[in-house]
Structures are given as structure tokens and as C-alpha cells.
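Peer 1: Pasted the sequence and its predicted model underneath.
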Amino acid sequence: MELAKPWSDLNGYIEARRKETLFEAELAREFLRQGLTRNAAGKAYQAWKATIAVLAAKKLGYLSSVYRWVKRIKNKRVGMAEWHVAYMPSTRLREVARLLAEAYGIEVFLATELALSLHEYQFNGPDKELVLSRYKSDDEAARDVELLLKYVEVFLGA
């Protein structure tokens, strides 16, 4: 099954991403229960990234006024706002969240910062010296996974 693209079926895309968010969040919770904190951090990050995609899709008109240029994908011209919504690359997550904060509140940006910290932790693990990670321990990261999942619940209802 291929994910609907926002330029062909915006409502179908939003619904598919909502489901993705719920699945990723549930996997994160299960990994936490099993003590797999780094895996949980990765799934919580994916849940948040899908949440941002849903929020962005709902504000596609606003994002289109910011991202005015187009991108060619498979012989198709697609607006950059739609491209951002469809692919939501990690490198643009912070930028899109900052824009969405105008519509949804600053918490969307702050939760994105939390998600990016967990994404970093997923790859580097804990670091007592805080050089390779923002987390000294797995317990610190687990608390932030739980916090990010609460943000997912709050914004999924938005």
C-alpha cells in the first residue's frame, strides 16, 4: 500500500499519517516497557515527525505562501509546501515546526526540539559527559520519550 501524496489526496494523506503516528507511538510505548529506550526514542521521533506532517498538511495553504517555489518529482511539478508535507525531511523539521508554531503555539516548536534531541540520542545513546548526547542516562531519555508522546496526543487532536 502506497501512502497517498498530499498533492493527489490531502485528506487520505492526513488520515494515513494519523494512523502512522498512532502506530509509531504505540511501538515507542512498548519499547519503553521492554527497557529498549533507544528504540523507543526512535519511534517517538517518528511519531512526532508524522504528527508534524499532519499539522503541516492541515496548514498547507499557509505553508504554500511561505514555500512558493516548485520541485519536479517524476515528471510532475509539485509545490515545495506539498513536498515538505509529503516527505518531512529531518533537516527541515525544525524550520517547518517554527512556521507551524504561529498557528498551533510555541509548544509545537519546543516538542520538535525535544524530538530532535531524542533522534540524536537514538544514534549516540547516553553520554555522561554530554558530548555525544544531550542525555546522561537512559532514564533521562525515557522521561523525554514519555513527554514527547504526550505532545503527540495533544497535537493529534488539533
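Peer 2: Nice, thanks for sending it over. Residues are numbered from 1 along each chain as shown.
Peer 1: what kind of secondary structure is V78 in?
Peer 2: strand (DSSP: H, G, I helix; E, B strand; the rest coil).
Peer 1: State the helix or strand in which the most centrally placed residue in the chain lies.
Peer 2: Among the residues of the chain, the one closest to the centroid is K49, at 1.2 Å (Cα atoms, centre = their mean). Per DSSP states H and E, K49 falls inside helix 37-58.
Peer 1: residue ranges with poor pLDDT in this structure?
Peer 2: Along the chain, the parts satisfying pLDDT under 70 run over 1-7, 158.
Peer 1: Could I get the full set of strands for it?
Peer 2: All strands of the chain, identified by DSSP state E, fall at 70-73, 76-79.
Peer 1: Tabulate the ones you listed (a markdown table), appending mean neighbour count and distance to A141.
Peer 2: C-betas here are computed from N, CA, C, even on glycine. Shown next, in a markdown table, are these (neighbours: other Cβ atoms under 10 Å; distance: least, Cβ to Cβ, whole Å):
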| stretch | mean neighbour count | distance to A141 |
| --- | --- | --- |
| strand 70-73 | 12 | 35 |
| strand 76-79 | 14 | 36 |
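Peer 1: got those strands as JSON lines, with distance to A41 columns?
Peer 2: Output for these, formatted as JSON lines (distance: least, Cβ to Cβ, whole Å):
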{"stretch": "strand 70-73", "distance to A41": "31"}
{"stretch": "strand 76-79", "distance to A41": "31"}
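Peer 1: so which of those strands comes closest to S64?
Peer 2: S64 lies closest to strand 76-79 among the strands of the chain, at 5.8 Å (Cβ to Cβ).
Peer 1: could you say what helices and strands that closest one packs with?
Peer 2: Where contact means 3 or more Cβ pairs under 8 Å, 6 or more residues apart in numbering; DSSP states H and E, strand 76-79 is packed against strand 70-73.
Peer 1: Residues contacting the strand it packs on, please?
Peer 2: R77, V78, G79, M80, W83 (Cβ atoms under 8 Å, 6 or more residues apart in numbering).
Peer 1: Just give me the closest of the residues you listed to R143.
Peer 2: Of all these, R143 sits closest to W83, with 34.5 Å by Cβ to Cβ.
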